[in-house]
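K.L.:
Need the 3D shape of this:
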Amino acid sequence: MLNISFESISAHINKSEFKTFKNLENRTNSKWLLKILLTIFVICILSLFLPWTQNIRSIGKVSTLNPYDKPQNIQSLIGGRIDKWYIRQGDIVQVGDTIAILTEAKEDYLDPQILDNTKEQQNAKLRTADAHLSKRNFLNEQLVSLGALRDAKLEQLKIKKSQIELKIATANLDLEAQKTYLENATKQLDRMLVMHEKGIKSLTDLETKRLSKREAEAKINSVRNKLAELENDNSNILREIEITNADYTQKYSKLESEITSADSYRYSALGESNKLQSKFNQIKQRQNAFVITSPIHGRITKVLQNGIGEYIKAQESIATIVPTSFQKAVDLYVKPYDMPLIQEGKKVRLQFDGWPAIVFSGWPDNSFGTFGGKVYAIDNDISENGMYRIIVIEDDEEKTWPELIRIGSGARGLLLLNDVKLYYEFWRKLNGFPPDFYDFEKPTSVKNKAPIKKVK
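P.N.:
This next block holds a predicted model:
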């Protein structure tokens, strides 16, 4: 162990023998160093009062504003076998240019005369519908004739009934006349009987009056029998009218049922004809769909199906196309903490991958290689990466974005906020406060206020 002692050994060391001791004894204080340090300190203090633009840093990628400007796949509407290719990867195509031609691969459509046969089936159904329409017209004519015949028959029965009613009225008048005649004959017989008893009239006169009374009673009975016969005939006429109405109603119902059946068969034939027409159109469109064309003007970047004779399914992609001209935009992703600070129309400085830049985040006007933009839209829903997406478009007041940037390339953004002093920005970050984004209006001076009117 060391023996710690308060006695010094410096008196026993010859310092002249060691170079280090000589250098320590010959050292002098440097005034230039103090001046340099003082100058740096003053510069640092003064730089704290420099202006600083508050900003939010974010990263994203180049995209497009319009959905039809994005890269898209060319799909086949139907399934089939690839017969021929008309493009290669990297080719530029116009709208409507042929990409590939397919041939039929489904057994239901392998008939070479399928269009003609389907059209003939449809025409046969149309002729069937026309035949049922003609039958319906004939039945309608029969219905009209039957109605006219029924009206004539009923009119005849009504005339006959009127005649019988007239005879009944005449018979009632005869009956009243015969009743009067019988009453007179009865009175004459009574007087004759009194006169015969007194000897004034003979027995022959008495018998004559009795005979007249019996003839009057006989006529009354005859008229009553005739009246009963006429009443019976009237009842028969009414019954015949009812029977005629029932008979013609039955015939009417039968004809209307046949008309309904004809309409039903006709509508069924028309429905099948429409189905065949739809099938004809589908087959025709299917044959037209064998030619796959380009939907936009762009460049073929990738062929997803290879070779000749390969089978593809319906709605399967065969190639990828990218538009040659599009409206550029940048998708930037911002933390939820910074979302309240962002508004539509805010200025943004952008740096693209492949373009060298010197960026001063607090002094964007002094940055080199950056491009201007403005916030176009802000998502209301959070993205899968836990941040919110904002869409930035080109600022017309700044220089245009490079033409060579491609969709999907990386981008970095500086969303510009308020201008503050540098010392305030240091103090804000040390305390973890958000950037300033409130715009306080200055209070209106008393001189500018409108005078208050007194209400009497």
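
K.L.:
my read: residue 165 touches residue 231, true?
P.N.:
No. At 10.1 Å, residue 165 does not count as touching residue 231 under the criterion of C-beta atoms under 8 Å. Backbone N, C-alpha and C define where each C-beta goes, glycine included.

K.L.:
Mind listing the shared neighbours of those two?
P.N.:
Shared contacts of residue 165 and residue 231, defined by C-beta atoms under 8 Å, 6 or more residues apart in numbering, are absent.

K.L.:
What about residue 327, how many residues nearby?
P.N.:
For residue 327, the count of nearby residues is 11 (other C-beta atoms under 10 Å).

K.L.:
which stretches of the stretch 151-300 of the chain form helices?
P.N.:
Secondary structure of the stretch 151-300 of the chain (DSSP state H, counting those that start in this stretch): helices at 203-288.

K.L.:
which residues of it score low on pLDDT?
P.N.:
Residue ranges of the stretch 151-300 of the chain with pLDDT under 70: none are present.

K.L.:
again with the stretch 301-450 of the chain
P.N.:
In the predicted model, the stretch 301-450 of the chain carries pLDDT under 70 at residues 354-369, 416-450.

K.L.:
hey, where'd the helices end up in it?
P.N.:
422-431.

K.L.:
For the residue nearest to residue 64 when sequence neighbours are not counted, which residues are in contact?
P.N.:
Leaving aside its chain neighbours, residue 64 sits nearest to residue 326 (4.8 Å; criterion: C-beta to C-beta, 6 or more residues apart in numbering). Applying C-beta under 8 Å, 6+ apart to residue 326 gives the contacts 64, 66, 69, 70, 407.

K.L.:
Sort out which of these are in helices and list them.
P.N.:
Among those, DSSP state H puts none in helices.

K.L.:
Neighbour-wise, give me the winner out of these.
P.N.:
residue 69 (19 neighbours).

K.L.:
Roughly how far does it sit from residue 411?
P.N.:
Note on residue 69: its distance to residue 411, by C-beta to C-beta, to the nearest Å, is 17 Å.

K.L.:
Count the neighbours of residue 254 for me.
P.N.:
Residue 254: 13 surrounding residues under other C-beta under 10 Å.

K.L.:
mind listing what it touches?
P.N.:
Going by C-beta under 8 Å, 6+ apart, residue 254 touches no other residue.

K.L.:
Go ahead and flag the most central residue of this structure.
P.N.:
For the chain, the residue nearest the mean C-alpha position is residue 67 (19.8 Å; C-alpha atoms, centre = their mean).

K.L.:
Find me the pLDDT at it, would you?
P.N.:
Per-residue confidence (pLDDT) for residue 67: 79.

K.L.:
ok, it to residue 328 distance?
P.N.:
Residue 67 is 14 Å from residue 328, where distance means C-beta to C-beta.

K.L.:
for residue 176, same thing?
P.N.:
118 Å.

K.L.:
Which residue of these two possesses the greater neighbour count?
P.N.:
Taking neighbours as other C-beta under 10 Å, residue 176 and residue 328 compare with residue 328 leading, 21 against 11.

K.L.:
what's stretch 261-272 in contact with?
P.N.:
So stretch 261-272 is contacted by 125, 126, 128, 129, 132, 133, 135, 136, 139 (C-beta under 8 Å, 6+ apart).

K.L.:
rerun that using 10 Å as the cut-off
P.N.:
With contact meaning C-beta atoms under 10 Å, 6 or more residues apart in numbering, stretch 261-272 is reached by 121-122, 124-140.

K.L.:
from the chain's centre, how far out does that stretch sit?
P.N.:
Remark: stretch 261-272 is offset 32 Å from the chain centroid, using C-alpha atoms, centre = their mean, to the nearest Å.
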